[in-house]
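Student: Here is my input; please provide its structure:
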Amino acid sequence: MVAQMSEFTYQGRNRNGELVKGNVSASSYQAAIDQLQQQQVTITQLQASATPKTSAVKPLIRRHKKVSAEELILFTRQLYALTKAGIPILRAIKGLSESTPSAALSECLEQVSQSLIAGADLSSALRRHPQVFSSVYISLIQVGENTGQLDQALKRMVFHLETERETRKRMKAAMRYPVMVITAMIVAMIIITLFVIPAFSGVFDKLGAELPLATRILIGASDFVQNHGLVLALLLTLTGLGIRIYIKTEEGALWWDKGKLKIPLLGSIFERIALGRFSRSFSMMMAAGVPVLQSLQTVADTVGNSYISRAIRDMRSGIERGDRLTNTAAATGLFTPLVLQMMAVGEETGAVDRLLDEVADFYDEEIDYEIKQLADAIEPVLLVFMAALVLVLALGVFLPVWDLGSVATGAASGR
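Tutor: Numbering: from 1, shown residues only. Sure, this is the predicted structure:
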């Protein structure tokens, strides 16, 4: 009996790190994966083009459902404990799918267990859910399966996920105060422009004298917003949507991520976060026994910055040509001399993974220091800006009132 062929849409990277996408015909999901792996394609997305009603392959995860970082950490930690205790992987996945409170993760694990029952290994089953499990996650699981040390791979993954979560929390904590202050200032400006200035403008018109420059600017801005506010809001919305659509393209993402690294005060933090993530992930994969070229290719897709990802792929190309890791890292211009020296020592002593782990610790310390400096640097800037705003508003609103008081006083004394 001839197996029914299905059409699958894929996206991934070829052996040179270039983005490739297209369609492939195969008898099953696993057969499509095997076919692409034979073509040396690193799969980042694979889905059936059209799934018949009788198909055993279910949709992956509905787009409105997401698995949070905390849920993924808890699942990985529980899977590590069960695997270390000797529980069969299918039984462990099945049990966790029934006990997890997350509907999205439960649905995902149920599909993973079905793939395991059909004969797929764990890494192949997880690869079908790239929106939940990253390429680093899947690569470590694959190495753990091949070496018989799945529990150790899961343990490393727990540490990696927790480190990523802490980095995100620190960044959010650093940005919370500036965002709140700027938001409050924008709301105050909108209220003053739409309600306060129009209330005073009627009084100012009755003065019959030339208004101060600050007052004329405020009244002009208020009139413009009131007369063209909807058009302005529409233009800003369309501009924002256009930028969002553009940065989702490969060229736009590269422009956006490169620009973020040049933002005053914030750019160096973004750069250190990405480089720290690269060092930690690369160290972890090297310690797990993943080949250098495969490690660089996998890590390049997970650093969270397209510009730095391209630099890491350039490192991979340099190593393919026979260059040393340290030389290729120096050619990117991203690493400090101290970090490059630590990499060189790691290469000479055969302990690249350990030295890169220390590099990641170094970047973590730098991130902590810069986040503290960020709060100290942003606060006076915001205070100066607020003072200038209050000064303009005070001059624009109260100078005519003072003039009105002088006129009234003069009229009274004349009588």
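
Student: hang on, residue 11 in a helix?
Tutor: No - per DSSP: H, G, I helix; E, B strand; the rest coil, residue 11 lies outside any helix segment and is strand.

Student: Share the number of residues neighbouring it, please.
Tutor: 15 (other Cβ atoms under 10 Å). For every residue, glycine as well, the C-beta is placed using N, CA and C.

Student: what does the one 4 residues further on give?
Tutor: Residue 15 is surrounded by 13 other residues when neighbours are defined as other Cβ under 10 Å.

Student: contacting residues for it?
Tutor: residue 40 (Cβ atoms under 8 Å, 6 or more residues apart in numbering).

Student: quick one: secondary structure of it?
Tutor: Reduced to three states by three-state DSSP, residue 15 is coil.

Student: And it, how close does it get to residue 386?
Tutor: Note on residue 15: its distance to residue 386, by Cβ to Cβ, to the nearest Å, is 55 Å.

Student: The chain - how does it break down into domains?
Tutor: Annotated domains of the chain cover 6-48, 69-161, 163-415 [automatic domain parsing].

Student: what mean pLDDT does the last one have?
Tutor: Just to be clear, that refers to domain 163-415. Mean per-residue pLDDT for domain 163-415: 80.

Student: buried sites along stretch 191-201?
Tutor: In terms of neighbour count (16 or more other Cβ atoms under 10 Å), stretch 191-201 has its buried residues at 192, 193, 197, 200, 201.

Student: and which of those residues is nearest residue 243?
Tutor: Closest to residue 243 out of these is residue 193 (24.6 Å), distances taken as Cβ to Cβ.

Student: Touching, that closest one and residue 222? I think so.
Tutor: Yes - using Cβ atoms under 8 Å, residue 193 is in contact with residue 222, at 5.0 Å.

Student: Give me the buried positions along the strand or helix carrying residue 259.
Tutor: In the assignment (DSSP states H and E), residue 259 maps to helix 250-260. Within helix 250-260, the residues scored as buried using 16+ other Cβ under 10 Å are 253, 254, 256, 257, 260.

Student: Likewise for stretch 327-336?
Tutor: Neighbour-count burial for stretch 327-336, counted by 16+ other Cβ under 10 Å, picks out 327, 328, 329, 330, 334, 335.

Student: The last one is in contact with residue 274, isn't it?
Tutor: No - in terms of Cβ under 8 Å, residue 335 does not count as a neighbour of residue 274; the distance is 11.7 Å.

Student: rewinding a little: now, the buried residues of stretch 327-336 that are in helices?
Tutor: Taking DSSP state H, the ones among the buried residues of stretch 327-336 that sit in helices are 327, 328, 329, 330.

Student: Looking at these, which is nearest residue 161?
Tutor: The shortest approach to residue 161 among those belongs to residue 329, at 25.2 Å (Cβ to Cβ).

Student: And the closest one, how far from residue 341?
Tutor: From residue 329 over to residue 341 (counting by Cβ to Cβ), the distance is 11 Å.

Student: what is in contact with these two at once?
Tutor: Shared contacts of residue 329 and residue 341, defined by Cβ under 8 Å, 6+ apart, are absent.

Student: Would you mind putting the CA coordinates of stretch 164-182 into CSV?
Tutor: Extracted in CSV, the C-alpha atoms of stretch 164-182 (Å, rounded to 0.1, in the frame of the first residue of the first chain):
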residue,chain,number,x,y,z
GLU,A,164,17.4,34.3,31.1
ARG,A,165,14.4,35.0,33.3
GLU,A,166,16.5,36.9,35.9
THR,A,167,18.1,39.0,33.1
ARG,A,168,14.6,40.0,31.8
LYS,A,169,13.4,40.9,35.3
ARG,A,170,16.4,43.1,35.9
MET,A,171,15.9,45.0,32.7
LYS,A,172,12.2,45.4,33.4
ALA,A,173,12.9,46.7,36.9
ALA,A,174,15.4,49.2,35.5
MET,A,175,12.9,50.5,32.9
ARG,A,176,9.9,50.6,35.2
TYR,A,177,10.6,54.1,36.8
PRO,A,178,11.5,55.9,33.5
VAL,A,179,8.5,54.4,31.7
MET,A,180,6.1,55.5,34.5
VAL,A,181,7.5,59.0,34.6
ILE,A,182,7.4,59.5,30.8
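
Student: Now do that stretch: everything it contacts.
Tutor: By Cβ under 8 Å, 6+ apart, stretch 164-182 touches 69-70, 73, 269, 273, 276-277, 364, 367-368, 371, 374-375, 378-379, 382, 386.

Student: ok so, going back, what's the distance between the helix holding residue 259 and the middle of its chain?
Tutor: What separates the centre of helix 250-260 from the centre of its chain is 13 Å, taken as Cα atoms, centre = their mean, to the nearest Å.

Student: What's the first helix or strand after that helix?
Tutor: helix 267-287.

Student: tilt between that following helix and helix 250-260?
Tutor: Helix 267-287 runs at 120 degrees relative to helix 250-260, counting by axes from the mean of the first three to the mean of the last three Cα atoms, to 10 degrees.

Student: Buried ones in helix 267-287, by neighbour count?
Tutor: Buried residues in helix 267-287, counting neighbours by 16+ other Cβ under 10 Å, are found at 268-287.
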